[in-house]
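1. sharing a model prediction with you, sequence too.
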Amino acid sequence: MKAMGRGFRRTLVQYCAVAGCAVLLTGCGDRSISGAYVLSAKTEADLLQITETPDHHFSGTLRHTVLRNDGTLSSGSTNVSGSVDGDSITLTLLATPLPIGQNFSGTVTAGGIDLTLSDGNRTAVEHFAKSQPADFDSAVAQLSQAGEPIIAARQRGQAIEQLNRGVTSLTTNLERFVSKAQERIERLPKVQAYYDQAIATEQAKLDRARRLASSGNSVAQGQANVIVGQMGVDKAQISITDDTVERAINNEKAAEATLNAGIEQWRPQCLGSDSASSDRVRPDMGPCKGFERAVAAYNSVLPSLHKALVLASRAKTHGHEQLTTVWQAADTIQ
């Protein structure tokens, strides 16, 4: 009952004057408390339905609906029993299948039932007004209506949080791209040096193989064949480098395309002219500011990265062409 009573209206019942009580007591033994009683508060509603027997005992149910902090309603039902002695009432909540429960005392009034509830620290009297089940349904409907803006605010908050995560994720990807792009800008010029060195090495091997083959000596011819065989191994290794460079260039293009699509998706919400509209769900200012900085850094690094990628692609293409000529010449020696 402590849980059921939590949040009840904290209005204490005013004690009646002695003369008034004397009038109220007159003939109360013939009064039946059978019926429905409703307690309605800002965040909860209760319906007490009881049936009194001729020996002044009663049984029934207590239905309870509470408006939770998240705007949803929580409902439950508990069996009750008790007895009436004049204006005094004792009510027991049967919270378990066993015939035991929590006992509460109260007073029967002309307008309903006043129950004394305690949460351990304080005691209050709650008034259950003589009503109809429809009044309880109406109170529950009001609670549901009161919860709608709470639910809407919670859903809006969840939507904003989801947007924040999306913007933050893209910001992280942009920052990671910029960091890797700077590393690639420093490394890609080495592609030109790699192919220059490969061309020089293979050309030197071709020249030596030609000299050996032209000597007419069988031993020298054998040495020339060995060199040509080594060049075949070199060709396979350089081919792996070709694929690595090509894959790196394609990966950069794909990553850039993905980021561009993400920027186009989030720009209207964070950077667009309608981002300040108060009636639409959009990311918070913090994530948007981080996104704006990341986009600026991304756009700043792209020209240098594109230039480095073009130079690397040209170095690979030109180097492969020259190496192919050298390897084809080597094939004629054997």
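-> Ah, there it is.

2. in this structure, which strand has the most residues?
-> Looking across the chain with DSSP state E, the single longest strand is strand 73-85.

3. show residues contacting it.
-> Outside strand 73-85, the residues that touch it by CB atoms under 8 Å, 6 or more residues apart in numbering are 4, 33, 48, 50, 52, 56-68, 89-95, 101, 108, 140, 143-144, 147. For glycine as for every other residue, the C-beta is placed from the backbone atoms N, C-alpha and C.

4. so what are the sheet partners of that strand and their directions?
-> strand 57-67 (antiparallel), strand 88-94 (antiparallel) (DSSP bridges).

5. for Ile50, helix, strand, or coil?
-> Following DSSP: H, G, I helix; E, B strand; the rest coil, Ile50 is assigned to strand.

6. Phe177: what's it in contact with?
-> Contacts of Phe177 by CB under 8 Å, 6+ apart are 255-256, 259, 298.

7. returning to what we had before: just the buried members of the contacts of strand 73-85?
-> 4, 33, 48, 50, 52, 58, 60, 62-67, 89-95, 101, 108, 140, 143, 147 (16 or more other CB atoms under 10 Å).

8. rewinding a little: would TSV of the contacts of Phe177 with pLDDT, distance to Ser179 and neighbour count be doable?
-> What follows is these, written out as TSV (pLDDT from 0 to 100; distance: CB to CB, whole Å; neighbours: other CB atoms under 10 Å):
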residue	pLDDT	distance to Ser179	neighbour count
Ala255	96	12	15
Glu256	96	14	17
Leu259	97	13	20
Tyr298	96	11	21
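
9. sort out for me which of the residues you listed are in helices.
-> Under the assignment DSSP state H, the contacts of Phe177 contribute 255-256, 259, 298 to helices.

10. got the contact list for the closest residue to Gly35 other than its chain neighbours?
-> Distances taken as CB to CB, 6 or more residues apart in numbering put Lys130 closest to Gly35, at 6.4 Å, once the chain neighbours are dropped. Taking CB under 8 Å, 6+ apart, we find Lys130 in contact with 35-37, 111-112.

11. between which two of those is the distance greatest?
-> With CB to CB as the measure, no two of these lie farther apart than Ala36 and Gly111, at 13.2 Å.

12. pick out whichever of the two has more residues nearby.
-> When neighbours are counted by other CB atoms under 10 Å, Ala36 and Gly111 differ, and Ala36 comes out ahead with 20 against 12.

13. what lines up beside the helix or strand hosting the more buried one in the sheet?
-> If you go by DSSP states H and E, Ala36 is part of strand 35-40. Next to strand 35-40 in the sheet, as set by DSSP bridges, lie strand 44-52 (antiparallel), strand 123-131 (antiparallel).

14. among those strands, which is nearest Gly232?
-> Here strand 44-52 is closest among the strands paired with strand 35-40 (CB to CB), at 86.1 Å.

15. convert that closest one to PDB, retaining C-alpha atoms only.
-> What follows is strand 44-52, C-alpha atoms only, in PDB (Å, rounded to 0.1, in the frame of the first residue of the first chain):
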ATOM      1  CA  GLU A  44      -2.300   9.000 -10.200                       C
ATOM      2  CA  ALA A  45      -5.900   7.700 -10.000                       C
ATOM      3  CA  ASP A  46      -7.400   4.900  -7.900                       C
ATOM      4  CA  LEU A  47     -10.700   3.100  -8.000                       C
ATOM      5  CA  LEU A  48     -11.900   1.300  -4.900                       C
ATOM      6  CA  GLN A  49     -14.800  -1.000  -5.500                       C
ATOM      7  CA  ILE A  50     -16.200  -2.800  -2.500                       C
ATOM      8  CA  THR A  51     -19.300  -4.800  -1.500                       C
ATOM      9  CA  GLU A  52     -20.400  -4.900   2.200                       C
END
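
16. quick one: average pLDDT of the strand holding Ala36?
-> Mean per-residue pLDDT for strand 35-40: 96.
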